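In: Turn this into a structure:
(4 chains)
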Protein chains: 2
Amino acid sequence: MTHRKAQRTSAQAPDAPAAPLPAAPLPAAAPPAPDSARPGDLAERNVLVDLVAVVVAVSHDEPRVLTLDNGASLPAGPFGSDARSLQTGLRDWVERQTHHPLGYVEQLYTFADRDRTGADGQRVMSISYLALTREQAERRAQAEGTWLGWYACFPWEDWRDGQPAVVREILAPALMQWAAAAPSTVMRAQRRRRVATAFGLDGATWHDEMVLQRYELLHEARLTPESLRHVPEAERPAVVAPGHAMTGDHRRILATGVARLRGKIRYRPVVFELMPETFTLLDLQKAVEALAGRRTHKQNFRRLVEQQELVEETSEMSTTRVGRPARLFRFREEVLLERAIAGTKPAG
Amino acid sequence: MTHRKAQRTSAQAPDAPAAPLPAAPLPAAAPPAPDSARPGDLAERNVLVDLVAVVVAVSHDEPRVLTLDNGASLPAGPFGSDARSLQTGLRDWVERQTHHPLGYVEQLYTFADRDRTGADGQRVMSISYLALTREQAERRAQAEGTWLGWYACFPWEDWRDGQPAVVREILAPALMQWAAAAPSTVMRAQRRRRVATAFGLDGATWHDEMVLQRYELLHEARLTPESLRHVPEAERPAVVAPGHAMTGDHRRILATGVARLRGKIRYRPVVFELMPETFTLLDLQKAVEALAGRRTHKQNFRRLVEQQELVEETSEMSTTRVGRPARLFRFREEVLLERAIAGTKPAG
DNA sequence: CCGAATTATACTCATTCGGAGCATATAAAA
DNA sequence: TTTTATATGCTCCGAATGAGTATAATTCGG
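Out: Below is the predicted model of the structure:
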């Protein structure tokens, strides 16, 4: 069978849909496993399961993620058999540890590659979650963990002031060199094309939601500290991409979360989970721009928000610093119901 | 804290993005788990992990899913510690069992609710995958499993001939009755709104990708056989939604896969994984219509496909049954590279 | 108190894109 | 030869989107 070449296309597109509901109201017995498919004994089949959370908040025009050990890793906890569901397990765990109430929570991805092993060499599987919250000043004191800016981890992702210098001066040359170092002509061309589309070079446009592709590309090109951990000093390349690295593959998980949020923000009103009770339209715009890492046209942004009826006026005005005072708005909770956006099960 | 009501918005939106890459080229050690967060001993933490596959093919204008035991369940297998990664584990497993080579594979969701228990009462966790393939006639003989039409499972999802009678005559009345049976006025209104938006009633438009919401709604309203398993005969409602039920929560997993594929088909050229080497534009349109469960404007469909340069002409023409013979086309593999669609890592 | 600076907010214009229809071409069947 | 069915090319319209212009309401620096 001479089939198409890309037969084994893998599944790393940056935008898969669907995330199902938690436990159904009624218990549904798990299906009996087919006998033919039970090789190995139980011990071999058992794995440790961790929950990892990408907890996001926005403050001072900067999206931040909650980290432990001074930014070394994401909050993670064991998945105990006592948890009712994954979601509640995660929610309880993170809230207990960080004292931050989580708003929106959604499953990201489950990682279980062979190299992910724990202390005793047992395989560790991580189920990652994206969680949105408001960074609350009064809670900051008791909260463990530190809020780390997204763009400290991914400096190349912030295009709010145009193409960052990192891209032009460091990453683009290094990636192109990596592309040129490929063994065959075909691979060189392929790599160049991948680099160009991912980083918006050669006239390609920048796609803000391709966060994961870009990180993986840097990883593959050995430009991240994470990818160099087991490479002997001698063989290391001269350049390393700037940006705060993390333990294990936590930065990859973070990239997954950032990508997901950037994609979602377009067609679902999730920004409001990150906003205070009332806000001006400029506040809202700044938050969206911070998350997307790019500027938007002011008037068009307002038109969009208003014609979609996402917000409603309050009688109050902002205590303006300078310029004409702006009206304070409030999110219209009704839209969650109207458009069946928050999932099938409403709160309560 | 009198915060917003929908504070605990859950994460069941029908369209989350992002699915990361498999194992990074270099091993990355897993982060040491924080000691403070290790309650329970190992035995308590261990869970069984299964892989469940939603394998999709299209034949005779009907999308089908691969099932075992005459449609009773989806192919599922244990996740052994020997598998290199989840993807390859799944791929090997399904290909060995069904003799069907998988094309595109992507992770769907990880289920681990408390009620999911195995034979010995241990908790079972399922990582579900969506896989696309071509149903190959010559392999059908040796392949185990049967191809079950989507719409046998979800009759209400096929709108190719307009609103199905099931919706109007059975589901809509039953759901509205369920809504009316809610304890409070607020809940009644909420339920009505959810039903209307999910099923396109009361002037709301039908959204083909809300497959999961609809299934969950039926489940919650106790209209599915799955939701009635542990309900005593006496308490069962009079009506049950028609449609082929499955073991455990396999139909929920299938709904997740259908939703994902319907969403994805819009902006990623994944249909071609389901098409033969060459095809007419009508073939392609029929496949898309079958998956989406709704008709499309012929001329506009062609315009879209051609202006996006997804296909290229072949010299051959279809041996037409009746009418003017159509040109055979072929998928332009290049688009996968050009748009970085197939993920970061190209085949090989 | 005045003008400059700054921000808010209301309109307008052009382009693109998606839905829907009309017209014509090419085949088999009646 | 007419009918029927499909393929294929083209036009029209309205909604959504990108980008610019104009005016209003403040603070701030003299």
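In: residue boundaries of the strands in chain A?
Out: Taking DSSP state E to define them, one finds strands in chain A at A:48-59, A:62-67, A:76-78, A:105-111, A:124-132, A:146-149, A:278-279, A:311-317, A:327-331.
In: Of all those strands, which one is nearest chain B?
Out: Smallest distance to chain B across these (CB to the nearest CB): 3.0 Å, for strand A:105-111. To be clear about C-beta, it is placed using only N, CA and C from the backbone, and glycine gets the same treatment.
In: and the closest one, what does it pack onto?
Out: Applying 3 or more CB pairs under 8 Å, 6 or more residues apart in numbering or on different chains; DSSP states H and E, one finds that strand A:105-111 contacts helix A:86-98, strand A:124-132, helix A:250-264, strand B:105-111.
In: now the residue nearest to the spatial centre of chain A: how far from A:V211?
Out: Nearest to the geometric centre of chain A sits A:G257, at 1.2 Å (CA atoms, centre = their mean). For A:G257, the distance to A:V211 (CB to CB, to the nearest Å) stands at 9 Å.
In: In this structure A:Y129 contacts A:A53, no?
Out: Yes: counting by CB atoms under 8 Å, A:A53 is a contact partner of A:Y129 at 5.1 Å.
In: do you know how far A:L282 is from A:L86?
Out: 37 Å.
In: More neighbours: which of these two?
Out: Ranked by neighbour count (other CB atoms under 10 Å in any protein chain shown), A:L282 and A:L86 place A:L86 first, with 24 against 14.
In: The more buried one reaches A:G77, doesn't it?
Out: No: if you go by CB under 8 Å, A:L86 and A:G77 don't touch, sitting 11.6 Å apart.
In: coming back round to it: can you put the helices and strands packed on strand A:105-111 in a markdown table and add mean pLDDT?
Out: Formatted as a markdown table, the helices and strands packed on strand A:105-111 follow (pLDDT from 0 to 100):
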| stretch | mean pLDDT |
| --- | --- |
| helix A:86-98 | 79 |
| strand A:124-132 | 91 |
| helix A:250-264 | 96 |
| strand B:105-111 | 93 |
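In: For B:G149, find the nearest of these.
Out: Judged by CB to CB, the one of these that comes nearest to B:G149 is strand B:105-111, at 19.9 Å.
In: now the closest one: how far from the chain's centre is it?
Out: Averaging C-alpha positions (CA atoms, centre = their mean, to the nearest Å) puts strand B:105-111 10 Å from its chain's average.
In: Can you check what angle separates it from strand B:48-59?
Out: 130 degrees (axes from the mean of the first three to the mean of the last three CA atoms, to 10 degrees).
In: Can you give me the distance of A:D61 to A:D158?
Out: From A:D61 over to A:D158 (counting by CB to CB), the distance is 11 Å.
In: same check, this time on A:A180
Out: Distance from A:A180 to A:D158, by CB to CB: 27 Å.
In: Same check on A:D249?
Out: Using CB to CB, A:D249 is found at 22 Å from A:D158.
In: again, but for A:H99
Out: 29 Å.
In: Neighbour count: these two, which is higher?
Out: The neighbour count for A:H99 versus A:D158, taken as other CB under 10 Å, is higher for A:D158 (22 against 15).
In: so the more buried one sits right up against A:G293, yeah?
Out: Yes: with contacts counted by CB under 8 Å, A:D158 reaches A:G293, the gap being 4.9 Å.
In: Mutual contacts of those two, please.
Out: A:Y151 (CB atoms under 8 Å, 6 or more residues apart in numbering or on different chains).
In: Count the neighbours of A:E313 for me.
Out: A:E313 has 9 neighbours, counted by other CB under 10 Å.
In: wait, I meant A:S315
Out: Residues near A:S315, counting by other CB under 10 Å: 6.
In: What of the one 4 residues further on?
Out: By other CB under 10 Å, the residues close to A:T319 number 7.
In: Who are the contact partners of the residue lying closest to it once chain neighbours are set aside?
Out: Distances taken as CB to CB, 6 or more residues apart in numbering or on different chains put A:P325 closest to A:T319, at 7.4 Å, once the chain neighbours are dropped. When contacts are counted by CB under 8 Å, 6+ apart, A:P325 touches A:317-319.
In: mind putting these in JSON lines, distance to B:Q190 included?
Out: Formatted as JSON lines, those follow (distance: CB to CB, whole Å):
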{"residue": "A:M317", "distance to B:Q190": "33"}
{"residue": "A:S318", "distance to B:Q190": "33"}
{"residue": "A:T319", "distance to B:Q190": "36"}
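In: out of these, who's near DNA strand C?
Out: A:S318 (CB under 7 Å from any atom of the strand).
In: picking up where we left off before, go through the strands of chain A and name the closest to B:E235.
Out: strand A:105-111 (32.6 Å).
In: The closest one - which strands sit beside it in the sheet, and in what orientation?
Out: The strands beside strand A:105-111 in its sheet (DSSP bridges) come out as strand A:124-132 (antiparallel).
In: could I get the strand it pairs with in PDB with only the CA atoms?
Out: Output of strand A:124-132 as PDB, limited to C-alpha atoms (Å, rounded to 0.1, in the frame of the first residue of the first chain):
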ATOM      1  CA  VAL A 124       4.700   9.000  37.100                       C
ATOM      2  CA  MET A 125       1.700  10.200  35.200                       C
ATOM      3  CA  SER A 126       0.600  13.800  35.400                       C
ATOM      4  CA  ILE A 127      -2.800  15.100  34.700                       C
ATOM      5  CA  SER A 128      -2.500  18.800  34.100                       C
ATOM      6  CA  TYR A 129      -5.200  21.400  34.600                       C
ATOM      7  CA  LEU A 130      -5.700  25.000  33.800                       C
ATOM      8  CA  ALA A 131      -7.300  27.100  36.500                       C
ATOM      9  CA  LEU A 132      -8.200  30.800  36.500                       C
END
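In: and the angle from it to strand A:62-67?
Out: For strand A:124-132 against strand A:62-67, the angle by the same axes, to 10 degrees is 140 degrees.
In: Can you list the buried residues in strand A:124-132?
Out: Buried residues in strand A:124-132, counted by 16 or more other CB atoms under 10 Å in any protein chain shown: A:124-132.
In: and what of stretch A:245-254?
Out: By neighbour count on 16+ other CB under 10 Å, the buried set for stretch A:245-254 is A:245-254.
In: next one: it to chain centre, how far?
Out: 11 Å.
In: residue in the stretch 201-348 of chain A nearest to DNA strand C?
Out: A:G323 (2.2 Å; CB to the nearest atom of the strand).
In: Distance-wise, check that residue relative to chain B.
Out: 29 Å (CB to the nearest CB, to the nearest Å).
In: Up against DNA strand C, what does chain A have?
Out: Near DNA strand C, when you scan chain A using CB under 7 Å from any atom of the strand, you find A:280-282, A:298-299, A:302-303, A:318, A:320, A:322-327.
In: what do A:D61 and A:D158 both touch?
Out: By CB under 8 Å, 6+ apart, A:D61 and A:D158 have no common neighbours.
In: Please, where are all the helices along chain A?
Out: A:42-45, A:86-98, A:137-140, A:150-153, A:165-166, A:172-180, A:185-199, A:211-220, A:250-264, A:281-292, A:298-307, A:334-338 (DSSP state H).
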